[in-house]
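> Sequence plus the predicted model coming up.
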Amino acid sequence: MFEQLGLIGCGLMGSSFALALKRAGLVQRVVGYSKSPSTTERARQLGVIDIEAPSALQAVSGSDVVLLAVPVSATEATLKAIRHLIDPAMLVMDVGSTKCDVVDAAQRALRKELSSFVPCHPIAGKELSGVENADVNLYAGKQVILTPTEHTGQAQLRKAAALWTALGCHVMQMSPQAHDAAYAAVSHLPHLIAFAMINGLQDQPKGKDYMALAGSGFRDFTRIAASDPQMWRDILIANREELLAQSKLFQQALQTLEALIDSGNAEALQARIQQASQTRAHWRASLQKNLP
Ligand code: NAP
């Protein structure tokens, strides 16, 4: 049980976390700060936070747990702004979608305070952003990846794991590098392709007319293209090396299919589609419990 959550960034992820923590009875009060005062005020009106803080530092004052739920590019400045009030007993976490850049930012911004910081990535979320879309159930049943730095304290790591577990999450631990390599493949590349898919349609004269005719396959495939532009700009640039490597592998796979189509090699084309279809079906069956 925590006395006070200092929430920095009252958007989708931060507000959903505050609501879940409150519902689980794990915190007595939530003090929140967001870049726009109107967001902080709205978070209080919606019962996400109890007290509005005029700065990140003031949200941290008196808190025993702190969550940074801001775009990853704001991590370093935010940690620098709150550094003076981070004490060794405090648990400080983030929810950023990329981890090498967050760990690098923490190493630049913090010194002895690094032991309090546990980098986290909940594999939860949606294409909608902002406090208005906060969802108390967002984290339930989802995976949370912890990527501790070499300086993260063992007590803090245990506390973070216990907290996420109490919210119904499955906690895993890995290095920031392993995290970014994996999520370049299964999250960042799919978003890149979804954005490119819509851009490619927009850029052709009849693209909008074609979209008006689209069905559920197009809807499912492109859902994530409606994601927040600033957040995804940050993620794609922060993890650029792993992402561009994955993008090259994808282009090779696409070219293989294009060559088979071009040559009319129906048998080989069907074999490739069958491989994809089986792999997707096995993946879905094996992960059923972790996905909505
Ligand atoms: P969001 O709904 O847009 O919320 C971010 C909030 O942070 C907004 O309220 C925003 O501005 C505020 N903010 C921005 N810069 C700030 C700063 N310097 N100081 C304080 N507040 C600041 O985005 P989100 O989806 O919650 O994403 C937050 C983090 O979660 C990101 O790092 C993202 O990578 C990660 N994440 C997102 C998802 C997802 O599916 N959405 C999944 C996993 C992880 P205002 O105060 O102006 O409104």
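Nice, I can see it.

> what about Pro53, how many residues close to it?
No Pro there; residue 53 is Ala. Other residues lying near Ala53 total 20 when counted by other C-beta atoms under 10 Å. Every C-beta, even on glycine, is put in place using the N, C-alpha and C of the backbone.

> For it, which residues are in contact?
6, 31-33, 40, 59, 61 (C-beta atoms under 8 Å, 6 or more residues apart in numbering).

> Reformat the residues you listed as CSV; add secondary structure and distance to the ligand.
As requested, the contacts of Ala53 are exported to CSV (DSSP: H, G, I helix; E, B strand; the rest coil; distance: C-beta to the nearest ligand atom, whole Å):
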residue, secondary structure, distance to the ligand
Gly6, strand, 11
Val31, strand, 13
Gly32, strand, 9
Tyr33, strand, 6
Thr40, helix, 7
Ala59, helix, 9
Ser61, coil, 15
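
> Among these, which one sits closest to Asp220?
Gly32 (34.5 Å; C-beta to C-beta).

> which residue packs closest to the closest one, ignoring adjacent ones?
Ile49 (3.3 Å; C-beta to C-beta, 6 or more residues apart in numbering).

> what does Glu41 give?
Nearest non-adjacent residue to Glu41 (C-beta to C-beta, 6+ apart): Glu52, at 6.3 Å.

> Which residues are in contact with that neighbour?
Taking C-beta under 8 Å, 6+ apart, we find Glu52 in contact with 31-33, 37, 40-41, 43-44.

> hmm, which of these are the buried ones?
Among the contacts of Glu52, those scoring as buried are 31-33, 40-41, 43-44 (criterion: 16 or more other C-beta atoms under 10 Å).

> quick one: which two of these are the most distant?
So, the buried ones among the contacts of Glu52 by C-beta to C-beta: farthest apart are Val31 and Glu41, at 13.6 Å.

> Beta-bridge partners for the residue nearest to Glu41, please?
As for beta bridges, Glu52 partners with Gly32 under DSSP bridges.

> The residue in the stretch 101-250 of the chain positioned nearest to the ligand: what's it in contact with?
Of all residues in the stretch 101-250 of the chain, Gly125 sits closest to the ligand, at 1.9 Å by C-beta to the nearest ligand atom. Contacts of Gly125 were listed using C-beta under 8 Å, 6+ apart, and they are 12-13, 138.

> Leu201 too?
So, once contact is read as C-beta under 8 Å, 6+ apart, Leu201 ends up touching 207-208, 210-211.

> And those residues, which is closest to Ala69?
The closest of the contacts of Leu201, once distances to Ala69 are taken by C-beta to C-beta, is Met211, at 32.8 Å.

> Check the spacing between the closest one and Gly200 real quick.
11 Å (C-beta to C-beta, to the nearest Å).

> what about these two, which has more around it?
Met211 (13 against 10).

> Excluding covalently adjacent residues, which one is nearest to the more buried one?
That would be Leu201: by C-beta to C-beta, 6+ apart, it lies 5.9 Å from Met211.

> Enumerate the residues of the stretch 101-250 of the chain near the ligand.
122, 125-126, 129-130, 228, 231, 235 (C-beta under 6 Å from any ligand atom).

> neighbour-wise, which of these leads?
That'd be Ile235 among those, by other C-beta under 10 Å, with 26 neighbours.

> Give me the three-state assignment for the residue nearest the centre of the chain.
Against the mean C-alpha coordinate of the chain, by C-alpha atoms, centre = their mean, the closest residue is Ser97 at 3.6 Å. Secondary structure assignment for Ser97 (DSSP: H, G, I helix; E, B strand; the rest coil): coil.

> Which of the residues of the stretch 101-250 of the chain next to the ligand fall in strands?
Those of those mapping onto strands are Pro122, per DSSP state E.

> Tell me which two in the contacts of Ala53 are the farthest apart.
Thr40 and Ser61, at 15.1 Å, using C-beta to C-beta across those.

> Can you tell me how far Glu242 is from Leu12?
Distance from Glu242 to Leu12, counting by C-beta to C-beta: 24 Å.

> Thanks a lot, see you next time.
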